[in-house]
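Asker: The sequence and its predicted three-dimensional model are supplied below.
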Amino acid sequence: MAEGKLRRLGAVARDLNVGTATIVDFLKNSGYADVNPNSKLDEKMYDVLVGEFAADRKLKMEAEAKAEQLQARKDERMAASEEHVEPKKEEVIKATPTKVDGPKVMGSINLDDLNPEARRKKAEAEKAEKAAQAAKDKAEAEAAARAAEEAAAKAKIEAEAAKKKAEEDAIEDDVIKVKVDKLAGAKVLGKMELPVEKPREKKPVATSNDSADKKRKRKRVRRPVQGETGGAPGQRGPGGPGGASGPGKPREKKAELTDEEIQKQIKETLARLSGGSTKSKGSKYRREKRQLVQERMEAEEEQHELEKKILKVTEFVTANELAKMMDVAVNEIIAACMSLGLFVSINQRLDAETLSIVAEEFGHEVQFVSAEVQDNVLEEEDNPEMMEARPPIVTIMGHVDHGKTSLLDYIRDANVIAGEAGGITQHIGAYGVEFGDGKRIAFLDTPGHEAFTAMRARGAQVTDVVIIVVAADDAVMPQTREAINHAQAAGVPMIFAINKIDKDGANPEKIKEQLASMNILVEDWGGKFQCQELSAKSGQGVEELLEKVLLEAELLELKADPTKRAVGTIIESELDKGRGYVSTVLVQSGRLKIGDVVLAGSYSGRVKALYNERGQPMQSAGPSMPAQLLGLDGAPSSGDKFNVMEDDKEARSIAARRLQLQREQGLRTQKHITLDEIGRRIAIGDFQELNLIVKGDVDGSIEALSDSLLKLSTEKIAVNIIMKGVGQISESDVLLASASDAIVIGFQVRPSVNARKIAEQEQIQIKLYSIIYDAIEEVKSAMEGMLAPEFEEKIVGNIEVRETFKITRVGTIAGCMVLDGKVSRHTKVRVIRDGIVVYTGELASLKRFKEDVKEVTKGFECGLNIDKFNDIKIGDIIEGYEIVEVKAKL
């Protein structure tokens, strides 16, 4: 039945009037990968093609219909020509000049319709013509709108000018004078010697003449506008010899003011100072605005001058950069360093102490900021109108083997433990769970082993609610207390889940009592912390626990803006052989989409693909959604913050600066041997070093393992992590181990074939582990094997001297009884008299009766003498001992 519905791709191409290559490309882009020109198409694929190329098929059908009509007309003309040959022929000859255009046009349309390429070009041409016409219409409309706006603006300006002109015409002459005096206001205010000049104004009254009156009147009336330089040579105005612009006395013009003018100017000045004004409200507003702007600029200038003295730098800044910040020559910086005994170059970076000392010499203060602060990324602010409720982020924490992952397995209906080595969680996992009512919760599962302290701390920092899992048949363990401390430090609400209540010996009340001893009272005991007894194996109480989680989330009123650029946290990162660097991220705000440019720590990249925790592809990840991200150019550290950037170039630049600073900090913080350290090692005598190269599957596990191994260092043996990284063990790792005499430790990774061959040739040991505490214990044992063995004294027997015999040339022989233990010929002995050791040495001989023996056990008599000691007395106790090698412990 299915075979009858299959169609050849070539037949479908002819039916739809498109090329086979076009159909193949379209189907591949639509998700049908296994398609070739000889494939057969099912009904679903055929429907998709018909929906896409319906227009081409319609054009073909129209062309065929037109061709049939044309053929029908041609047949009719041919039939008519056979019946009336001569008349028809004459009509055709006569009609040729008029009908020649018609058939040509029709034929052109038909040929173009039959040719797909021509039809496509024609459609493109029509589309371009329509676009051009639309652009032209739009341009004309915009031009008309601009012309209208310009006309309106011009009319407005003319109206304002006319209104201003009318206001100016209405102003009296004395107001105009005041306006002129205001333009030269500084000169008017400077001439406050008016009382001295008053007698000069009265003098012309006594000796008045027509010429003087005319001259004074002419000076009063003439008020030239600003910039006027003309005037009669005899006038003492702005253009005359005695004017302000002439070489004469410029201040004599001011002295000619009348009492009325002076009083008016004083009134204007007082009104201006008191806030009053004779001008319009608009000019007053503009003047006040100018004053505010000027005051703000002065304040900013003062602040800028203060900030100039504070240099915000990262810890490592070159001498040249420091010189540019302080605006001094770089040679002065180098000279200052030389005075401190440091010989630096222009591009050499200075440490924090040197920066502070050099900056103080030049009168500046240094403020250190981290690389994250220096390259602070501006986050897009939340839009209050677009805020939506987001699912809560819940972290499950607790002691190892208390049932955290089993609880999450029941909630997710999956089996995560089966994928973990040793049945314990060694990775921090992020999972999204959706319930039947449409509500979602994002879960973070953290390891409970003591080595994963940093992972638990990161989980508490990014979460909204923490579930502390405690086994009812156990107790509140150290890792449980640590998890509680992390949650309290992060300030997030806690819900206690008492697990394994279905087991024999379960005692939930004991757990509540122990929590109460930590000042944590659950609701059952009158406290504020919610508590739920459950069984992760059977599911008893799990639903009630989830209801309490959702209740806490509702009280928190969690909201986020899903429309802005995404911001979140890196949970884990690993190197996958087939997919490259894979990072598990948790989106906290915004929406992460495929194609976004992401900056995470010291690495950046464009999102190539997104997957959920089950490996299913996703197009985007919204707030509180975990996802696996592909596309970064490295493995960022767990806990790093990621931001979606607008520009790929900016993201790469910030990542490069962070990576450079990280490398330099690593080099600067690397310890080098000093004379004091050499002296300490010589004093110890047998100091050892264990160099390690750690490679793992994810960044969080590498961090936990490295920290645990570094804690094994002692005074006699030091652990050095030469290099740590994500991914399989490569040839470069083995060569580095060969050069540094190191051991390669792989945690849930394997060496490549070439790396294994080189390791065999170079005799480099590669140790592979899947459980973290196995790795720690084995490295600890190896360190103990590197230590020199310790020697302990072991008492082997006690002998009582009961008789002594002195023999010539032999010495004193002691007749003894072995009280306990045994004594052998090579046993070291001490002679103890009255509880005091009087001699320590070795036996010279050991006999029983007259025969030499190797050893004598408890309850037997023997005779012995001590090498180089003859002062043996009856009653002495001879203690036998031997030195035993004991393996040194860390």
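Answerer: Looks like it came in fine.

Asker: Distance from the helix or strand K127 falls within to the middle of the chain?
Answerer: K127 belongs to helix 116-170 when assigned by DSSP states H and E. Relative to its parent chain, helix 116-170 has a centroid offset of 47 Å by Cα atoms, centre = their mean, to the nearest Å.

Asker: Show me which strand runs longest in this protein.
Answerer: Counting residues, the longest strand found in the chain (DSSP state E) is strand 790-807.

Asker: Report all helices and strands that the helix holding K127 contacts.
Answerer: If you count contacts as 3 or more Cβ pairs under 8 Å, 6 or more residues apart in numbering; DSSP states H and E, helix 116-170 packs onto helix 54-83, helix 101-114. All C-beta atoms are positioned from the backbone trio N, CA, C, and that covers glycine.

Asker: for stretch 465-476, which positions count as buried?
Answerer: 465-474, 476 (16 or more other Cβ atoms under 10 Å).

Asker: wait, I meant stretch 640-648
Answerer: Those buried within stretch 640-648 under the rule 16+ other Cβ under 10 Å are 640-645.

Asker: Any idea how far apart the tips of that stretch sit?
Answerer: Terminal residues of stretch 640-648 are spaced 19 Å apart (Cα to Cα, to the nearest Å).

Asker: Would you mind pulling the contact partners of it?
Answerer: 377, 379, 565-570, 583, 585, 590, 592, 596-601, 604, 606, 636, 651 (Cβ atoms under 8 Å, 6 or more residues apart in numbering).

Asker: so who does the nearest residue to I729 once chain neighbours are set aside touch?
Answerer: Nearest residue to I729 in three dimensions, chain neighbours excluded: P751, at 3.8 Å (Cβ to Cβ, 6 or more residues apart in numbering). The contact partners of P751, taken as Cβ under 8 Å, 6+ apart, are 728-730, 734, 744, 759, 766.

Asker: Try it again at 7 Å.
Answerer: By Cβ atoms under 7 Å, 6 or more residues apart in numbering, the residues touching P751 are 728-729, 759, 766.

Asker: Repeat that for P37.
Answerer: Contacts of P37 by Cβ under 7 Å, 6+ apart are 9-10, 20, 24.

Asker: hmm, back to that, from E731, how far out is the residue nearest to I729?
Answerer: From P751 across to E731, the span is 9 Å (Cβ to Cβ, to the nearest Å).

Asker: repeat for D474
Answerer: In terms of Cβ to Cβ, D474 sits 46 Å off from E731.

Asker: do the same with L257
Answerer: Counting by Cβ to Cβ, the gap from L257 to E731 is 98 Å.

Asker: what do you get for A147?
Answerer: 74 Å.

Asker: Of those two, which one has the most company?
Answerer: Neighbour count, other Cβ atoms under 10 Å: between A147 and E731, E731 has more, with 16 against 10.

Asker: can you pull the pLDDT of that one?
Answerer: E731 is assigned 87 on the pLDDT scale.

Asker: Also V597?
Answerer: 92.

Asker: now T480
Answerer: 85.

Asker: tally of neighbours for it?
Answerer: T480, neighbours per other Cβ under 10 Å, totals 26.

Asker: V317 too?
Answerer: Using other Cβ under 10 Å, V317 is surrounded by 20 other residues.

Asker: and it, how far is that from I333?
Answerer: 11 Å.

Asker: What segments of the stretch 551-700 of the chain are strands?
Answerer: Shown for the stretch 551-700 of the chain, the strands assigned by DSSP state E, counting those that start in this stretch span residues 559-560, 567-576, 580-589, 592-593, 597-600, 603-611, 617-618, 620-621, 625-632, 641-645, 688-696.

Asker: now these in JSON lines, with distance to V856?
Answerer: Listed next are the strands of the stretch 551-700 of the chain as JSON lines, based on distance: least, Cβ to Cβ, whole Å:
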{"stretch": "strand 559-560", "distance to V856": "87"}
{"stretch": "strand 567-576", "distance to V856": "68"}
{"stretch": "strand 580-589", "distance to V856": "73"}
{"stretch": "strand 592-593", "distance to V856": "85"}
{"stretch": "strand 597-600", "distance to V856": "77"}
{"stretch": "strand 603-611", "distance to V856": "76"}
{"stretch": "strand 617-618", "distance to V856": "84"}
{"stretch": "strand 620-621", "distance to V856": "83"}
{"stretch": "strand 625-632", "distance to V856": "76"}
{"stretch": "strand 641-645", "distance to V856": "78"}
{"stretch": "strand 688-696", "distance to V856": "43"}
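
Asker: What subset of the contacts of stretch 640-648 is buried?
Answerer: 377, 565-570, 583, 585, 590, 592, 596-601, 604, 636, 651.

Asker: hang on, isn't Y839 packed against V831?
Answerer: Yes. Applying Cβ atoms under 7 Å, one finds Y839 in contact with V831, separated by 4.3 Å.

Asker: between those two, what contacts are shared?
Answerer: F869.

Asker: These two: which is more packed in?
Answerer: V831 (21 against 16).

Asker: where do the strands sit along the stretch 351-500 of the chain?
Answerer: 365-368, 388-389, 393-398, 429-434, 440-445, 465-471, 494-499.

Asker: Lowest average confidence across the ones you listed, which one?
Answerer: strand 429-434 (a mean of 76).

Asker: tell me the angle that strand makes with strand 625-632.
Answerer: 130 degrees (axes from the mean of the first three to the mean of the last three Cα atoms, to 10 degrees).

Asker: And strand 429-434, what does it pack against?
Answerer: helix 404-412, strand 440-445, strand 625-632 (3 or more Cβ pairs under 7 Å, 6 or more residues apart in numbering; DSSP states H and E).

Asker: what's in contact with it?
Answerer: Contacts of strand 429-434 (Cβ under 7 Å, 6+ apart): 408, 411-412, 416, 440-445, 571, 584, 586, 612-613, 625-626.

Asker: same thing with stretch 826-839?
Answerer: With Cβ under 7 Å, 6+ apart, stretch 826-839 has contacts from 796, 840-843, 866, 869, 872-873, 876-882.

Asker: and which of those is nearest to A80?
Answerer: Nearest to A80 among those is E882, at 137.8 Å by Cβ to Cβ.

Asker: Show me the beta-bridge partners of that closest one.
Answerer: K794 (DSSP bridges).

Asker: tell me which element S535 is part of?
Answerer: Per DSSP H and E, there is no helix or strand for S535.

Asker: Please name the residues that touch it.
Answerer: Contacts of S535 by Cβ under 7 Å, 6+ apart are 499-502, 541.

Asker: repeat that for 10 Å
Answerer: 403, 406-407, 410, 472, 498-503, 506, 541-542 (Cβ atoms under 10 Å, 6 or more residues apart in numbering).

Asker: between the residues you listed, which is closest to S517?
Answerer: Closest to S517, out of all of the contacts of S535 and judged by Cβ to Cβ, is I498, at 15.6 Å.

Asker: Next, find the distance separating that closest one from R412.
Answerer: In this view, I498 and R412 are 21 Å apart by Cβ to Cβ.

Asker: who's more crowded, those two?
Answerer: Under the criterion of other Cβ under 10 Å, the comparison of I498 against R412 puts I498 first, with 27 against 18.

Asker: Return the residues in contact with that one.
Answerer: 402-403, 468-472, 506-512, 515, 522, 531-535, 541.

Asker: Could you check how far G727 is from Q748?
Answerer: 11 Å.

Asker: And for M61?
Answerer: From M61 to Q748 the distance is 63 Å (Cβ to Cβ).

Asker: neighbour-wise, which of those two wins?
Answerer: Taking other Cβ under 10 Å, M61 and Q748 do not tie; Q748 has more neighbours (18 against 12).
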